[in-house]
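Novice: here is the input, now give the coordinates:
(2 chains)
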There are 2 protein chains.
Amino acid sequence: MTNVRENNDMGHADFQALRDMANRIRLHSVRATSAAGSGHPTSCASIAEITSVLFFHTMRYRVQKPRDPNSDRFVLSKGHAAPALYAAWAEAGLFPVEDLLNLRKVDSDLEGHPTPRLEFIDVATGSLGQGLSCAAGMAYTGKYFDRASYRVFCVVGDGESAEGSIWEAMAFASFYKLDNLVAIFDVNRFGQSDLTALEHDLDAYRIRVEAFGWNTYVVDGHSVEELVQAFAAAEQVKDKPSCVIAKTFKGKGFPGSEDQAKFHGKVVGDKDLVIDSIEKQLVSKGSLNLEPRLPIDDAPPVNIQDLILPEPPNYRKGDRLAPRVGFASASSKLGKLNKRVITLDGDMRGSTFSNKFRETCPDQFLECFIAEQNMVGVAIGCATRDRTVVFLCTYGSFLTRAYDQIRMGAISQTNINILGSHPGVSVGADGPSQMGMEDMAMFRAVPNCTVFYPSDAVSMEGAVKLAACTKGIAYIRSTRSETSVIYDNEERFHIGEAKVVRQHPNDQVTVVAAGVTLDTALQAAAILETEGIHIRVIDPFTVKPLDRETILSAARATGGRVLTVEDHYPEGGIGEAVAAAIGDQSDIRVRILAVRDIPRSGPGDVLLDKYGLGPSSIIKAIKEDIGAN
Amino acid sequence: MTNVRENNDMGHADFQALRDMANRIRLHSVRATSAAGSGHPTSCASIAEITSVLFFHTMRYRVQKPRDPNSDRFVLSKGHAAPALYAAWAEAGLFPVEDLLNLRKVDSDLEGHPTPRLEFIDVATGSLGQGLSCAAGMAYTGKYFDRASYRVFCVVGDGESAEGSIWEAMAFASFYKLDNLVAIFDVNRFGQSDLTALEHDLDAYRIRVEAFGWNTYVVDGHSVEELVQAFAAAEQVKDKPSCVIAKTFKGKGFPGSEDQAKFHGKVVGDKDLVIDSIEKQLVSKGSLNLEPRLPIDDAPPVNIQDLILPEPPNYRKGDRLAPRVGFASASSKLGKLNKRVITLDGDMRGSTFSNKFRETCPDQFLECFIAEQNMVGVAIGCATRDRTVVFLCTYGSFLTRAYDQIRMGAISQTNINILGSHPGVSVGADGPSQMGMEDMAMFRAVPNCTVFYPSDAVSMEGAVKLAACTKGIAYIRSTRSETSVIYDNEERFHIGEAKVVRQHPNDQVTVVAAGVTLDTALQAAAILETEGIHIRVIDPFTVKPLDRETILSAARATGGRVLTVEDHYPEGGIGEAVAAAIGDQSDIRVRILAVRDIPRSGPGDVLLDKYGLGPSSIIKAIKEDIGAN
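Specialist: Residues are numbered from 1 along each chain as shown, chains lettered A, B, ... in the order given. Down below sits the predicted model:
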């Protein structure tokens, strides 16, 4: 592969080749979307020159090894322009251009919006406003963890920039001086239904982006010369990320729809006319002799496999302490063991207890401030190409802020690990805004997500270790209040394996509970025992996957009576998980104790009683179940 | 009540009274949080002067009638400073100052963060970054719907301004020229765990806020004179919202913690020392003679009760059309009937079909651009004090972007109605980023939320009408693809009332399904009937509340066999709702058909089959259930 642009010498012929390539990208976008009968060709047309210049001049990457850690990264944040991106990789030689016509077919990985089923896609996009956070995470990793030369490029739509998450990413990138990050704003002045708020007021964009600490260039987005020049200049800028604000036209090059409203997401009307018109613009009919530059191979090798806890948990059975202490300990141990284990926090470290990790491994801690959407996107970016193992921490309640990013993370096949602290009414006097009451529902509905709910500090350490080693998103529901240490330090934990923590031959009811309600259930069990009533108590450890067999077996041994108790709303949590898991069985009855009102402020233990989760409520439910008084 | 400041004449004595009031607010904050043993006194201290000036000089409001529609509105977006806000209302005379010591008690409505259990709180805050959107909605309502004189004030924390939602609100407010909106940035340079990113760089804030189109003032946030002056100047500015960027100190006036890190959310160390120090600052010991100004009474009366569909649905049974057509029709009918019915959309109106409402009632339509967080907050703001009935529309998948705002909306006791379009794999070729796969789980876990899932255009119209008349959040899952019209135009619908849409004396299985899968279930039923197998098909209409009785009765009549079918992930949707609802019954078995993988792009009907939701999959499951081949 010839590297003709080592010295940035741009001959006249190369600009024309880049223009031709842009028009090829247009042609592919039209043909593919017309074949599919759906798609966003006008959105592709506005970024054709941008894509051409980036993929065939600016970026350094190995075409045949799309996940090479040395390569520059590209994120198409405006994911609906996927056909343009696919066209670039096909033209670069990764797969035959004929395959582009399989766009959106059920048996093709060239989906309507990019997903990492494709090897050349790092993060799924299509829900707008998220790609820049992922790109910022990649850039942060490149600059501070890999300390490598690769750069990160991200194309953002103008309509998309109304999303606040873009500005979170902007603030993050400038604060952390990510000078290896280049954003390109495709200012084509149309959103889905109409003109954007700022239309073609490029200065308004420039002023905003500069206010957020970025270096900016305002260019004609259809001039390959101006784009080449801007990207070259950006590469020289230190300590600031750069933003190329590109004036473009939606449907550029499409007669009849260029710069017109009402053509978003519409296949071109007269395909032959449009194709003919674009083809007339082509100068070269044969090979364009455009070869992407090779990367600089200076990303260090990374091994994030086979993480273990170098020391086991060290707690005393019977002691009262908050499971979140176990997170502090286990994450710090992992961080000391492997420098690629990193922790992100959303300005809550004194509460989530990620502060210990920060003290232990300061260079592996990343403060993300009060911006949860961006934190999740950054985490996903940091974890791409297996460069890091990521833990991110905030309150379970505030993770609702980032549910779209979490949802897209699953589609991105990310492996990030999320700690949601302060679940339930047991949070107490801060009140409902701070209480995670729906987090299990949220994370259970995420595909391939493991939902850990460790009930003591020992099992918390087990959960942290397992999360670090498991694919897919891991969610750890981290209890703030004290619970009893109930496991030996040597106890082994497995995903999908519940523990029977209390049993007796005459057990009359199976109770499934976790965290603070496992604690109250065990208290209830001790009291009931003094009355000669025995209950079997199960700690699910993971709510997803749920250990159906253990629960079913116990249910059958206890007359088919199951009681679930959770500090969470009734929907989507432990109770519904159990009911659904054993719902296909006759003779099993499941009763669900959960919080059935919007909670209020008050002492945590008082609230547990008030909302029916304390020992007395559990005792009452048990007695009703067995028909005793 | 004497209105001494009619002509903005500020005598020397008034400034001192305002200073004294600020210190009283400090004292109350210290006493209350110390009595509670928790809270955020240092966060209250930085806004003491701001609160004093707003409540005792600038704002026009009726103390004894906190929800007066003519009054200025105040939103404490940094909700953890609640004690300062409570102190202001107590000092204004709404309740005895002694009550302030009940902060955070379980039997007091003075909760840790403000909720509208208190009459003087319009929207709950405490999850940061949301209050400004609500304030923007109130301001939009005041300017364009009420066309009244009231103004809206919102205090935002500096750490809080890292939230992207703040910048969505900023963009919205300047675009819509909300010159009746004043934001106050409390720049005290500390977040929860440490310094904020911008610390006391007030110019950096100013440049950002101005870039987003606001008029700004930079002031000493502890100078009542400067605050008074800034607010007075802001009132004269036309066509732009105003932002007062206030330099403040966290813990101002607290010896030992003023402007120090590590004191966020901490009760003061030496209470007596701190109180003594503040009391020494007081000049007046008796009444301060500060009376809030009365409002200008020009908000029109509004009646949003008793909404009805002026014309019934008008569809033909058996026709194929998308239920979202019913939304377009019903919402437009309501909008024509009552000018207070408004619709917001997130740049998706060609897809959600809110475009019809926009054509029918253009002054009642509010384009919110691609910023779902802000759209939900604005909706909540518009609905406060019953000024409007709000519908807001976007894709179900993108509502995950606003889950925190939705969650807080429930705590705010809002009545907004949310339309989530394009649920499930039936969305087709756009792929998973655009498919709502978890929206029922999300909304079911919202307290007091009604979850409608109408299966045809007739029942959609019924759902829209019921949503408009029902308290609490309403969610309508709006099917994009065509389904058969199965109801008569005269059919009546009720929340929590399912419809048995197909039955036969020899039904062997009860099928519960909705939307596109009700359609495929009915197709399956027709095919099975030709083979002599009968199934009962139930349309739940509302998934929450679920009609347990109808489902149970049918289950008992069909040998205890229930099959649920939903275009949604398995967790938290129809299947789990049914399993949980009848889980306490023996002899009922529930089997759940749902989407058990991350979907991919492809034709919608092909995907339905691929993911086991098409007629053939339903038939297969039925036959397995009854033991036939």
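
Novice: and the residue nearest to the spatial centre of chain A, what does it touch?
Specialist: Geometric centre of chain A, nearest residue: A:Gly409, 3.2 Å, by Cα atoms, centre = their mean. Residues near A:Gly409 by Cβ atoms under 8 Å, 6 or more residues apart in numbering or on different chains: A:376, A:380, A:416, A:446, A:473. Bear in mind the C-beta positions are built from the backbone N, C-alpha and C, glycine included.

Novice: which SSE is the first one in?
Specialist: A:Val376 is part of helix A:372-383, with elements assigned from DSSP states H and E.

Novice: pretty sure A:Glu111 contacts A:Ala82?
Specialist: Yes - at 7.3 Å, A:Glu111 counts as touching A:Ala82 under the criterion of Cβ atoms under 8 Å.

Novice: mean confidence for the host helix or strand of A:Phe391?
Specialist: A:Phe391 is located in strand A:389-395, with elements delineated by DSSP H and E. Throughout strand A:389-395, pLDDT has a mean value of 98.

Novice: can I get that strand in PDB, CA atoms only?
Specialist: Written as PDB, here are the backbone C-alpha positions of strand A:389-395 (Å, rounded to 0.1, in the frame of the first residue of the first chain):
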ATOM      1  CA  VAL A 389     -12.300  -2.900  31.800                       C
ATOM      2  CA  VAL A 390     -14.700  -0.200  32.900                       C
ATOM      3  CA  PHE A 391     -16.700   0.300  36.100                       C
ATOM      4  CA  LEU A 392     -19.000   3.300  36.200                       C
ATOM      5  CA  CYS A 393     -20.700   4.500  39.300                       C
ATOM      6  CA  THR A 394     -23.600   6.700  40.300                       C
ATOM      7  CA  TYR A 395     -26.900   6.400  42.100                       C
END
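
Novice: which elements pack onto it?
Specialist: helix A:323-337, strand A:341-345, helix A:349-352, helix A:372-383, strand A:417-421, helix A:457-469 (3 or more Cβ pairs under 8 Å, 6 or more residues apart in numbering or on different chains; DSSP states H and E).

Novice: now do the contacts for A:Phe74.
Specialist: By Cβ under 8 Å, 6+ apart, the contact set of A:Phe74 is A:54-55, A:59, A:61, A:85, A:152-155.

Novice: again, only using 7 Å
Specialist: A:54, A:59, A:153 (Cβ atoms under 7 Å, 6 or more residues apart in numbering or on different chains).

Novice: confirm it sits in a strand?
Specialist: Yes - counting by DSSP: H, G, I helix; E, B strand; the rest coil, A:Phe74 is part of a strand.

Novice: do you know how far the spatially closest residue to A:Asn314 that is not a sequence neighbour is from A:Glu168?
Specialist: Nearest residue to A:Asn314, sequence neighbours excluded (Cβ to Cβ, 6 or more residues apart in numbering or on different chains): A:Asn489, at 6.1 Å. A:Asn489 sits 40 Å away from A:Glu168, going by Cβ to Cβ, to the nearest Å.

Novice: these two: which is more packed in?
Specialist: A:Glu168 (32 against 15; other Cβ atoms under 10 Å in any protein chain shown).

Novice: the more buried one contacts A:Glu372, doesn't it?
Specialist: No - in this structure, A:Glu168 is not within contact of A:Glu372 by Cβ atoms under 7 Å, at 8.6 Å.

Novice: is it correct that A:Glu210 is in contact with A:Tyr217?
Specialist: No - when contacts are counted by Cβ under 7 Å, A:Glu210 is not listed as touching A:Tyr217 (10.9 Å).

Novice: just to revisit the earlier point, tell me the two of the contacts of A:Gly409 that are most distant?
Specialist: Spatially, the most separated pair among these is A:Ile380 and A:Val446, at 13.0 Å (Cβ to Cβ).

Novice: and those two? which has more neighbours close in?
Specialist: Neighbour tally, A:Ile380 and A:Val446, criterion other Cβ under 10 Å: the higher count belongs to A:Ile380, 29 against 26.

Novice: closest one to chain B among the helices and strands packed on strand A:389-395?
Specialist: For these, the distance to chain B is smallest for helix A:349-352, at 4.8 Å, taking Cβ to the nearest Cβ.

Novice: report the backbone C-alpha coordinates of the closest one in PDB.
Specialist: Taking Å, rounded to 0.1, in the frame of the first residue of the first chain, the C-alpha atoms of helix A:349-352 are listed here in PDB:
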ATOM      1  CA  ARG A 349     -17.700   9.100  44.800                       C
ATOM      2  CA  GLY A 350     -18.100   9.900  48.400                       C
ATOM      3  CA  SER A 351     -21.400   8.000  48.300                       C
ATOM      4  CA  THR A 352     -20.800   5.300  45.700                       C
END
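
Novice: would you mark the buried spots in that helix?
Specialist: Within helix A:349-352, the residues that count as buried by 16 or more other Cβ atoms under 10 Å in any protein chain shown are A:349-352.

Novice: and what of stretch A:203-220?
Specialist: The neighbour-count check on stretch A:203-220 (16+ other Cβ under 10 Å) flags A:204-219 as buried.

Novice: same check on stretch A:328-343?
Specialist: A:328-335, A:337-338, A:340-343.

Novice: stretch A:414-434 too?
Specialist: Going by neighbour count (16+ other Cβ under 10 Å), the buried part of stretch A:414-434 is A:414-434.

Novice: between the two ends of that stretch, how far is it?
Specialist: Across its full length, stretch A:414-434 reaches 27 Å end to end, with Cα to Cα, to the nearest Å as the criterion.

Novice: that one vs chain B: in contact?
Specialist: Yes - Stretch A:414-434 reaches chain B (Cβ under 7 Å from any Cβ of the partner chain) through A:429-434.

Novice: where does the residue nearest to the centre of chain A sit: helix, strand or coil?
Specialist: helix.

Novice: what distance do you get for it to chain B?
Specialist: Distance of A:Gly409 to chain B, given as Cβ to the nearest Cβ, to the nearest Å: 11 Å.

Novice: rewinding a little: quick one, which of the helices and strands packed on strand A:389-395 is nearest to A:Lys65?
Specialist: Closest to A:Lys65 of the helices and strands packed on strand A:389-395, according to Cβ to Cβ: helix A:372-383, at 19.1 Å.

Novice: state the mean pLDDT of the closest one.
Specialist: 98.

Novice: between it and helix B:372-383, what angle do the directions make?
Specialist: For helix A:372-383 against helix B:372-383, the angle between stretch directions is 170 degrees (axes from the mean of the first three to the mean of the last three Cα atoms, to 10 degrees).

Novice: and helix A:372-383, what does it pack onto?
Specialist: helix A:131-140, helix A:164-175, strand A:341-345, strand A:389-395, helix A:403-411 (3 or more Cβ pairs under 7 Å, 6 or more residues apart in numbering or on different chains; DSSP states H and E).

Novice: which parts of the stretch 151-300 of chain A sit against chain B?
Specialist: Proximity of the stretch 151-300 of chain A to chain B (Cβ under 7 Å from any Cβ) is limited to residues A:159-160, A:162-165, A:167-168, A:171, A:175, A:191-193, A:197, A:207-208, A:211-212.

Novice: now do the same contact list for the spatially closest residue to A:Lys339 that is not a sequence neighbour.
Specialist: Nearest residue to A:Lys339 in three dimensions, chain neighbours excluded: A:Gln364, at 6.4 Å (Cβ to Cβ, 6+ apart). A:Gln364 is in contact with A:335, A:339, A:341-343, counting by Cβ under 7 Å, 6+ apart.
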